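**Q** Sequence first, then the predicted structure:
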Amino acid sequence: MARTYVVANQKGGVGKTTTAANLAAYLALEGHRVLMVDFDPQGNLSSHFGHHNIENVSMYEVLMNECGIQDIIVSLSGEGIPKLSLAPANLHLSGATVELAKVDDRAGYLKNALRPVAGDYDYILIDCPPSLGVLTLNGFAAAHRVLIPLQCEFLALEGLLGMIFSTIHKIQQGVNPELEIGGIIFTMYDSRTKFANAVINSVRNTFADHPDYIFNTIIPRNVRLSEAPSHALPIPLYFPDCVGAKSYKALAKEVIARG
């Protein structure tokens, strides 16, 4: 069965989608079968790979039981990365927040949708919207581990230590007792600023009793990472020798090593 990770942070602009896209790409390049699930109505993960189309069926139709997830999955093998696939999203997914609010088991829809394909992949990565609403709760309910990209800035740090850990704890207690902290990933690191290092030290001190909560790999600010989505490519296909690419490759190896 697939190891399922949800990539989440209630703050936007922290490198969440960039992390989901490039981590998935490098996991696939390491020989693993990987499914990316775009679970954000903005569809940025789908756009990253050139598959954002408002006319196509997407995760919204899957959640509404209008089709199975097998019907929307796009293989990216022909686009340069064997064993990598995508379940796309578009703005229609925003309607699911209204529809799911009407039902009792609102947090279990994604888990049920993924069940038919869980045996087809080694890793499933779910990219959630920058909020802790019903879509992100579905991501938590469907996952084994949470990956938390953290921008090395004060506001990002404040948010991390507050709501997201509280929400994960509540999910563990009530909805998904198997959910674990997969790790905090420092992103957009700028070695020229003292505060970036202060954020890293603060988080490491906070979780001194849980060093496994923090990945050793740090993702730097890198213009090539920002450019890659405009070419509909992950970083290993766009600019594999840049520092951002090397960092995400190291992160993938670290994820694999953690099992």
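**A** Received, thanks.

**Q** any chance you could map the helices in the stretch 51-200 of the chain?
**A** Along the stretch 51-200 of the chain, counting by DSSP state H, counting those that start in this stretch, helices occupy 59-63, 94-100, 109-114, 134-142, 154-159, 165-174, 194-206.

**Q** closest to residue 85 out of those?
**A** For these, the distance to residue 85 is smallest for helix 109-114, at 12.5 Å, taking CB to CB. In this view, the C-beta of every residue, glycine as well, is placed from N, C-alpha and C.

**Q** how far is that closest one from where the chain is centred?
**A** Here helix 109-114 is found 16 Å from its chain centre; the criterion is CA atoms, centre = their mean, to the nearest Å.

**Q** if we can go back for a sec, quickly compare the helices of the stretch 51-200 of the chain and say which is most buried.
**A** Each of the helices of the stretch 51-200 of the chain was given a mean neighbour count from mean count of other CB atoms under 10 Å, and the largest, a mean of 24, is that of helix 134-142.

**Q** name the helices or strands packed onto that one?
**A** strand 3-7, helix 94-100, helix 109-114, helix 165-174 (3 or more CB pairs under 8 Å, 6 or more residues apart in numbering; DSSP states H and E).

**Q** low-confidence ranges in the stretch 151-259 of the chain?
**A** By pLDDT under 70, the weakly predicted segments of the stretch 151-259 of the chain are 155-161.

**Q** thinking again about what came up before, pipe the helices of the stretch 51-200 of the chain into JSON lines and attach distance to residue 20 per row.
**A** JSON lines is the format used below for the helices of the stretch 51-200 of the chain (distance: least, CB to CB, whole Å):
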{"stretch": "helix 59-63", "distance to residue 20": "14"}
{"stretch": "helix 94-100", "distance to residue 20": "19"}
{"stretch": "helix 109-114", "distance to residue 20": "15"}
{"stretch": "helix 134-142", "distance to residue 20": "11"}
{"stretch": "helix 154-159", "distance to residue 20": "17"}
{"stretch": "helix 165-174", "distance to residue 20": "18"}
{"stretch": "helix 194-206", "distance to residue 20": "21"}
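
**Q** wait, which of the ones you listed is closest to residue 233?
**A** Distances from residue 233 to each of these were compared by CB to CB, and the smallest falls on helix 59-63, at 22.1 Å.

**Q** tell me what that closest one is packed against?
**A** The helices and strands touching helix 59-63, judged by 3+ CB pairs under 8 Å, 6+ apart, are helix 94-100, helix 109-114.

**Q** rank the ones you listed by mean pLDDT and give me the bottom one.
**A** Among the helices and strands packed on helix 59-63, helix 94-100 carries the lowest mean pLDDT, at a mean of 89.

**Q** Pull the CA coordinates from that helix and hand them back as PDB.
**A** Taking Å, rounded to 0.1, in the frame of the first residue of the first chain, the C-alpha atoms of helix 94-100 are listed here in PDB:
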ATOM      1  CA  SER A  94     -14.100  25.000  -4.200                       C
ATOM      2  CA  GLY A  95     -17.600  23.700  -4.400                       C
ATOM      3  CA  ALA A  96     -16.700  20.700  -2.400                       C
ATOM      4  CA  THR A  97     -16.200  22.900   0.700                       C
ATOM      5  CA  VAL A  98     -19.900  23.700   0.500                       C
ATOM      6  CA  GLU A  99     -21.100  20.200  -0.300                       C
ATOM      7  CA  LEU A 100     -19.000  18.500   2.300                       C
END
